[in-house]
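1. Kindly return the folded structure for what I paste below:
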Amino acid sequence: MSGKDRDSFLDFRRNLKMARSPEAYIRGTTKHFYEWLDGRSISIAEGHPVWICGDCHLGNLGAVADCDGEVAVQIRDFDQTVIGNPSHDLIRLGLSLASAARDSDLPGVTTARMLEALIAGYEAASVESQVSTPQLRKPKDIRKLLKRAIHRRWKNLAMEDLQTKHPLLPRNKRLWPLHRAERAAVLALCSDREMEKTVLDPEKFTSDELTILDAAYWIKGCSSLGRLRCAVLVRNGKHGPVSLLDVKEAVPAAAPSASETRMPRDYAERVVAGAKALSPNLGERMVASKVLSKAVFIREIAPQDMKIKIDRLTGNEIQAMAHYLGGVLGHAHGRQMHHQEWRSWILELGRSRKKEPEMPSWLWSSVIELLSIHDKAYLEHCRRFALVHH
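-> Below is the predicted model of the structure:
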């Protein structure tokens, strides 16, 4: 398949995925989210500039393993990370939770209480310690997620991501042959000894016989469809363990950065820096590089890495989830601030609410207005997609 044909198909695939549900549409419209946010008249709170996720929706949080195999719930996607206003992550996560609440047919009062729980969990985050796991009360669904993640092994990862029990990359609807120049560049990149030391677990990969088994173009994600993305299998020795590497193109962030901040100019180095600041479990497993002059970042995908998947929740369950994830986000932001900066930011959040336990007025009005804008845009997207592909 030529580059032009591949791009055309992936554009169709992205539009199809975005048409499947309102939550999928949220995942694929980060650029529009910031355009909508910028077009609103209400001002939002300006927190101390820190590394933010920039695309903090439910699908971008989940179980993440560190290099020692310890698992914690952290942010797991950093394509949009910048040094910016922490309010943007709160609004983005609030919008995603509000959409999930409505998909569960929950009443509007639940959405209000859920946003109150989100901000309460955020404000209660313990940021005194620099450890990667905040001490938060885990909802039932989070406990199940972590239990599953801890017990996952290579065969589980292979079945979910590769649709095979074997250490190979089958060619199917998700894994395509790379173009010749791409394949040569990716294999050369993954053969680099310095990259191996950075990305791969040094305790597991001790042999000098590290072998690249295969590499393929990977159809994965939603907003990233159309960018260069590759799955690479490597083995330690003739019969040693196999690891799956994810090579992903980095692009400019849609999230606005704070003025007078210093970030890496290279897109991949920016992604890695943001990941290390927000989610050390994942950030320490990432490295920036180049493939055919494109900035890419590479990480080993651990079997324990799992996204949060929500089907239908009760009102109490989604409030508990919002409180917990608010704490995860608060810890990710707060661990980058000095104690006084964090306390000042929490006081600012308190000043922007009318009374306890309400959420700040700008958070409520932003989420509700963006939800209505999003609904209209989603239905228009579905109409256009149906007309074109009828």
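2. where along the stretch 51-200 of the chain do the strands fall?
-> Using DSSP state E, counting those that start in this stretch, the strands of the stretch 51-200 of the chain run over residues 61-65, 71-75, 82-84, 175-176.
3. Those strands into JSON lines, with extra columns for distance to residue 388 and mean neighbour count?
-> Glycine gets a C-beta too; all of them are placed from N, C-alpha and C. JSON lines is the format used below for those (distance: least, CB to CB, whole Å; neighbours: other CB atoms under 10 Å):
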{"stretch": "strand 61-65", "distance to residue 388": "33", "mean neighbour count": "24"}
{"stretch": "strand 71-75", "distance to residue 388": "34", "mean neighbour count": "25"}
{"stretch": "strand 82-84", "distance to residue 388": "33", "mean neighbour count": "23"}
{"stretch": "strand 175-176", "distance to residue 388": "23", "mean neighbour count": "20"}
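4. Next, format the ones you listed as TSV and append mean pLDDT and distance to residue 345.
-> Compiled in TSV, those are given as follows (pLDDT from 0 to 100; distance: least, CB to CB, whole Å):
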stretch	mean pLDDT	distance to residue 345
strand 61-65	94	21
strand 71-75	95	18
strand 82-84	97	14
strand 175-176	91	44
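5. Show me the shaky parts of the stretch 151-300 of the chain.
-> 194, 196-198, 200-209, 223 (pLDDT under 70).
6. For the strands of the stretch 51-200 of the chain, give me TSV that also has distance to residue 296.
-> Below are the strands of the stretch 51-200 of the chain laid out as TSV (distance: least, CB to CB, whole Å):
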stretch	distance to residue 296
strand 61-65	20
strand 71-75	20
strand 82-84	18
strand 175-176	17
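7. right, and those strands - which one's nearest residue 365?
-> Across the strands of the stretch 51-200 of the chain, residue 365 has its closest neighbour in strand 82-84 (20.2 Å, CB to CB).
8. Which elements pack onto the closest one?
-> strand 50-52 (3 or more CB pairs under 8 Å, 6 or more residues apart in numbering; DSSP states H and E).
9. Within its sheet, name the partner strands of the strand it packs on and how each one runs.
-> Strand 50-52 sits in its sheet next to strand 82-84 (antiparallel), going by DSSP bridges.
10. Need the contact partners of the strand it pairs with.
-> If you take CB atoms under 8 Å, 6 or more residues apart in numbering as the criterion, strand 82-84 is touched by 49-52, 54, 253, 255-258, 261-263, 270, 274.
11. which one of those has the most neighbours?
-> residue 52 (34 neighbours; other CB atoms under 10 Å).
12. contacting residues for it?
-> Shown in contact with residue 52 (CB under 8 Å, 6+ apart): 81, 82, 83, 84, 85, 86, 88, 89, 255, 274, 278, 333.
13. likewise residue 190?
-> By CB under 8 Å, 6+ apart, the neighbours of residue 190 are 196, 212, 215, 232, 234, 245, 247, 298.
14. any chance you could map the helices in this protein?
-> Taking DSSP state H, the helices of the chain run over residues 3-19, 22-27, 30-38, 86-103, 108-123, 140-151, 154-157, 180-190, 193-199, 267-278, 280-283, 315-334, 339-351, 361-388.
15. looking at these, which has the lowest confidence?
-> Mean pLDDT is lowest for helix 193-199 out of the helices of the chain, coming in at a mean of 69.
16. I'd say residue 359 and residue 114 touch.
-> No: using CB atoms under 8 Å, residue 359 is not in contact with residue 114; the gap is 9.3 Å.
17. Out of the strands of the stretch 51-200 of the chain, flag the one nearest residue 156.
-> Nearest of those (CB to CB): strand 61-65, 12.5 Å.
18. Please name every helix or strand in contact with the closest one.
-> strand 71-75, helix 140-151, helix 280-283, strand 306-307.
19. angle of it against helix 267-278?
-> 90 degrees (axes from the mean of the first three to the mean of the last three CA atoms, to 10 degrees).
20. Just the CA coordinates for strand 61-65, please, in CSV.
-> Output in CSV follows, covering the C-alpha atoms of strand 61-65 (Å, rounded to 0.1, in the frame of the first residue of the first chain):
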residue,chain,number,x,y,z
LEU,A,61,-5.3,7.0,32.6
GLY,A,62,-4.7,3.5,33.8
ALA,A,63,-2.4,0.9,35.4
VAL,A,64,1.3,1.5,34.6
ALA,A,65,4.2,-0.6,35.6
